[in-house]
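[1] How does the following fold in three dimensions:
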Amino acid sequence: MSTYAIGDVQGCYEELQSLLALITFIPKKDRLWFVGDLINRGPNSLLVLRFIRELGDRQITVLGNHDLHGMAVAIDSSKSRPHDNFSDFLQAPDKLELIDWMRNQKILHYDESLNAILVHAGIYPKWHLKEAIKYAKEFETMLQSDQFEIELKNMYGDQSEQWNPASTGIDRYRFFINAFTRMRYCYVDGQLNLTEKGVLGSQPNDLYPWFSMPGRTPIQPRIIFGHWASLNGVTHQPNIEAIDTGCSWGHTLTALRLEDNKRFAVCAKQRYSSFA
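    Numbering: from 1, shown residues only. Presented below is the predicted three-dimensional model:
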């Protein structure tokens, strides 16, 4: 049995199928970990969602910012953005069933036997692993509650950039969203910068990638994350595995086999988007 962590699919269904053929995925034997952003940008968000849902317990998915955004738009169309590309999901007869499936997926997954953590954007550098697991569970519980529609409608905004353990309600959930699904760069005090998206070395001198912020709380297991396509899978940090390699941008879709850290990739059939 092998376990493969797969980078941001973003509606690239054909590339996903090509990648599964490359790794000779056997559903009855192997497991797939999806790093989130299943939808948007690429042409087949609906097919991707249905396929992964049908894998049942052969898959583990953590949600990304595009997945949360897709659910929010399905609930309130005023939240849509000009470059959204998931109308197939919004118009699907099984849309409500897919939303229920999505909101019952994880925000963070930790497998002690594989010494690996799966999360979409990363782990806030001032949190210990136990804290990250606790806060992810808190957010997952909200998504699975009757309050999820209200919270998703109010998730938008960059205001919650600094962690405050005493925060409550919308501010608290918004920070969880920003940290787990949107984070790239931080200031040395841990404040998030949610606008800088460039390659390492292009950022202002006072910004650090979350995984190399000075004083970052050490976490021993491998952290496997996506979200940051411009890294192209390179972090220069031990135990930090970036696997979003920009399929929707016309680059590649990557799988990381957890048992031996071997990578596999297939090329995108075309460039589907110019927007991160």
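[2] What's the separation between the residue positioned nearest the centre of the chain and residue 168?
    For the chain, residue 120 is the residue whose C-alpha lies nearest the centre (CA atoms, centre = their mean; 2.6 Å). Distance, residue 120 to residue 168, by CB to CB, to the nearest Å: 24 Å. Where C-beta positions appear, they are placed from N, C-alpha and C, glycine not excepted.
[3] do residue 181 as well
    Distance from residue 181 to residue 168, by CB to CB: 20 Å.
[4] Which of the two has more residues huddled nearby?
    residue 181 (26 against 8; other CB atoms under 10 Å).
[5] what's the distance between that one and residue 66?
    Applying CB to CB to residue 181 and residue 66 gives a distance of 9 Å.
[6] what's the overlap in contacts for those two?
    residue 36 (CB atoms under 8 Å, 6 or more residues apart in numbering).
[7] Quick check: nearest residue in space to residue 247, chain neighbours excluded?
    Closest residue to residue 247 apart from its sequence neighbours, by CB to CB, 6 or more residues apart in numbering: residue 253 at 4.0 Å.
[8] before we move on, what about residue 28?
    residue 58 (8.0 Å).
[9] before we move on, what about residue 210?
    Using CB to CB, 6+ apart, the nearest residue to residue 210 is residue 122, at 4.7 Å.
[10] Is residue 154 in contact with residue 170, as I believe?
    Yes - when contacts are counted by CB atoms under 8 Å, residue 154 is listed as touching residue 170 (4.9 Å).
[11] Give me the three-state assignment for the closest residue to residue 269 other than its chain neighbours.
    With sequence-adjacent residues excluded and distances taken as CB to CB, 6+ apart, residue 269 is closest to residue 14, at 6.1 Å. Under DSSP: H, G, I helix; E, B strand; the rest coil, residue 14 falls in the helix class.
[12] One more: residue 140?
    helix.
[13] ok, now the one 10 residues further on?
    Residue 150 carries the three-state label helix when classified by three-state DSSP.
[14] What is the neighbour count of it?
    Residue crowding around residue 150 was assessed by other CB under 10 Å; the count is 12.
[15] Model confidence at it, what's the number?
    What the model reports as pLDDT for residue 150 is 85.
[16] what's near enough to touch it?
    So residue 150 contacts nothing (CB under 8 Å, 6+ apart).
[17] May I have the residues that are in contact with the residue nearest to residue 210?
    179-180, 183-184, 210-211, 223, 225, 227.
[18] I'd like the residues you listed as a markdown table, with neighbour count appended.
    Listed next are the contacts of residue 122 as a markdown table, based on neighbours: other CB atoms under 10 Å:
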| residue | neighbour count |
| --- | --- |
| 179 | 29 |
| 180 | 28 |
| 183 | 27 |
| 184 | 23 |
| 210 | 24 |
| 211 | 23 |
| 223 | 24 |
| 225 | 30 |
| 227 | 27 |
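[19] Can you list the residue ranges for strands in this structure?
    3-6, 31-34, 59-61, 108-111, 116-119, 185-186, 192-193, 208-209, 222-225, 240-242, 252-257, 262-267 (DSSP state E).
[20] Residue 15 is in contact with residue 266, isn't it?
    Yes - Residue 15 lies in contact with residue 266 (CB under 8 Å); the separation is 5.7 Å.
[21] Between the two, which contacts overlap?
    Listed as contacting both residue 15 and residue 266 by CB under 8 Å, 6+ apart are residue 253.
[22] Can you pick out the residue with more neighbours from these two?
    More neighbours surround residue 15 than the other of residue 15 and residue 266, with 25 against 21 (other CB under 10 Å).
[23] show me the contacts for the nearest residue to the more buried one once chain neighbours are set aside.
    In space, and not counting its chain neighbours, residue 15 is closest to residue 253: 4.6 Å by CB to CB, 6+ apart. Going by CB under 8 Å, 6+ apart, residue 253 touches 6-7, 9, 12, 15-16, 18-19, 245, 247, 265-266, 268.
[24] and if we set it to 6 Å?
    15, 19, 247, 266 (CB atoms under 6 Å, 6 or more residues apart in numbering).
[25] The third one and residue 268 touch, don't they?
    Spelled out, it's residue 247. Yes - using CB atoms under 6 Å, residue 247 is in contact with residue 268, at 4.8 Å.
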